[in-house]
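>>> coordinates only, sequence not included:
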């Protein structure tokens with residue numbers, strides 16, 4: 001059966017998959033022009049005991065979705081449908097499968113980042129707008145020195161980093177941060193820890209949370225040090241000072257997405273402390 005042949009929802013089969021199916025999902029992502037390393041996000045999802053779902057028509061993979069939970073909150077991401085099979089309800093079914101999986105785990109609030117094309121679909125499913133985020137791309141630099149208050153994370157920084165992340169996001173992401181601890185994390189410590197940055201990919205700045213602009217901007221600079229490659233970063237759209245700072249470093253906006261949620265109310269957070277997010281999967 002060819003993926004372009006007509007198929008009904010009744011003939012659609014959705015099931016959880018593991019690492020063995022990642023090459024097939026990578027082919028699907030290439031077809032829909034998702035960034036290639038989005039598959040690496042799925043591997044992290046699986047390592048966090050999340051779920052990756054694949055949709056099949058016969059034995060042909062035509063779609064995917066995934067989800068991961070952080071206590072009372074959960075994220076849906078990586079939703080893709082083969083363009084030859086669009087507008088048949090498959091994307092909605094894949095999203096619903098991921099949401100149902102999160103509910104079974106006790107998740108009260110489900111979040112996602114929606115492109116302009118997908119926003120109406122999610123609105124029809126009951127998702128509400130929670131904010132806007134922009135992705136910027138720019139040049140890495142090898143000639144910037146690391147700020148004197150920025151240093152590699154140490155074991156006794158973990159409590160402060162987890163507390164800062166929870167205050168910034170309102171979520172319990174201790175399992176996620178522990179995956180990168182401490183080797184991929186920088187902290188801004190001026191007396192107390194006032195910010196941290198996480199390197200998730202060679203081509204992305206990653207998550208940065210800080211209590212003020214001074215710490216946040218120092219971590220941006222230090223995260224680019226000795227990385228003379230093109231980098232991407234995703235920031236809250238309303239952080240105009242951060243966007244202007246990045247534009248001054250040569251970054252240009254390439255994508256805007258809408259953060260949306262369904263279910264319970266959003267957790268209390270200090271979003272002004274979020275200078276950049278892990279990625280546009282789990283924020």
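Everything's here; your move. Remember, predicted model here, so these are calculated numbers, not experimental data.
>>> check contacts around residue 46.
By CB atoms under 8 Å, 6 or more residues apart in numbering, the contact set of residue 46 is 18, 19, 52. Just so you know, the C-beta spots here come from the backbone N, C-alpha and C atoms, and that holds for glycine as well.
>>> Looking at those residues, which one is closest to residue 33?
residue 52 (19.5 Å; CB to CB).
>>> tell me the secondary structure for that closest one?
Taken by DSSP: H, G, I helix; E, B strand; the rest coil, the conformation at residue 52 corresponds to strand.
>>> low-confidence ranges in the stretch 51-200 of the chain?
142-145 (pLDDT under 70).
>>> Can you give me the buried ones in the lengthiest helix in the chain?
If you go by DSSP state H, the chain has its longest helix at helix 90-104. Neighbour counts using 16 or more other CB atoms under 10 Å place 90, 91, 92, 93, 94, 95, 97, 98, 99, 101, 102 of helix 90-104 among the buried residues.
>>> Can you tell me the closest non-neighbouring residue to residue 96?
Sequence neighbours aside, residue 125 is the residue nearest to residue 96 in space, at 7.5 Å (criterion: CB to CB, 6 or more residues apart in numbering).
>>> what number of residues lie near the one you found?
Residue 125: 13 surrounding residues under other CB atoms under 10 Å.
>>> now the helices for this protein?
22-31, 38-47, 90-104, 116-124, 158-169, 174-180, 213-224, 240-248.
>>> Return the most buried member of the ones you listed.
Here the criterion is mean neighbour count by mean count of other CB atoms under 10 Å, and of the helices of the chain the winner is helix 213-224, at a mean of 22.
>>> For that helix, enumerate the helices and strands it packs against.
Other helices and strands packing on helix 213-224, by 3 or more CB pairs under 8 Å, 6 or more residues apart in numbering; DSSP states H and E, are strand 150-152, strand 185-190, strand 192-198, strand 208-210, helix 240-248, strand 274-276.
>>> export these to TSV and tack on distance to residue 47?
Below are the helices and strands packed on helix 213-224 laid out as TSV (distance: least, CB to CB, whole Å):
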stretch	distance to residue 47
strand 150-152	23
strand 185-190	17
strand 192-198	15
strand 208-210	22
helix 240-248	30
strand 274-276	22
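>>> Indicate which one of these is closest to residue 172.
Going by CB to CB, the one of the helices and strands packed on helix 213-224 nearest residue 172 is strand 208-210, 14.2 Å.
>>> Check what contacts that closest one and list those residues.
Residues from elsewhere that reach strand 208-210 (CB under 8 Å, 6+ apart): 164-165, 168-169, 188, 194-198, 216, 219-220, 223, 273-276.
>>> So which residues make contact with the longest helix of the chain?
By CB under 8 Å, 6+ apart, helix 90-104 touches 9, 12, 14, 51, 53, 55, 62-67, 69, 74, 76, 79, 81, 110, 118, 121-122, 125, 262-263.
>>> for stretch 130-138, same thing?
Residues outside stretch 130-138 that contact it (CB under 8 Å, 6+ apart) are 111, 113, 230-238, 243, 246-247, 249-261, 266, 271, 277, 280.
>>> Out of the residues you listed, which sit inside strands?
Mapping these onto strands (DSSP state E) picks out 111, 113, 230-236, 252-261.
>>> Pull out the buried residues from the residues you listed.
Burial of the ones in strands among the contacts of stretch 130-138 was assessed by neighbour count (16+ other CB under 10 Å); the buried members are 111, 113, 231-236, 257-261.
>>> Now the two most distant members of the residues you listed.
Between any two of those, the greatest separation by CB to CB is 28.2 Å, found for 231 and 261.
>>> would you turn the buried ones among the ones in strands among the contacts of stretch 130-138 into TSV with distance to residue 157?
Below are these laid out as TSV (distance: CB to CB, whole Å):
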residue	distance to residue 157
111	27
113	29
231	24
232	26
233	23
234	24
235	24
236	24
257	31
258	33
259	28
260	33
261	30
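>>> buried stuff in stretch 263-275?
Residues 263, 266, 267, 272, 273, 274, 275 are the ones in stretch 263-275 that count as buried (16+ other CB under 10 Å).
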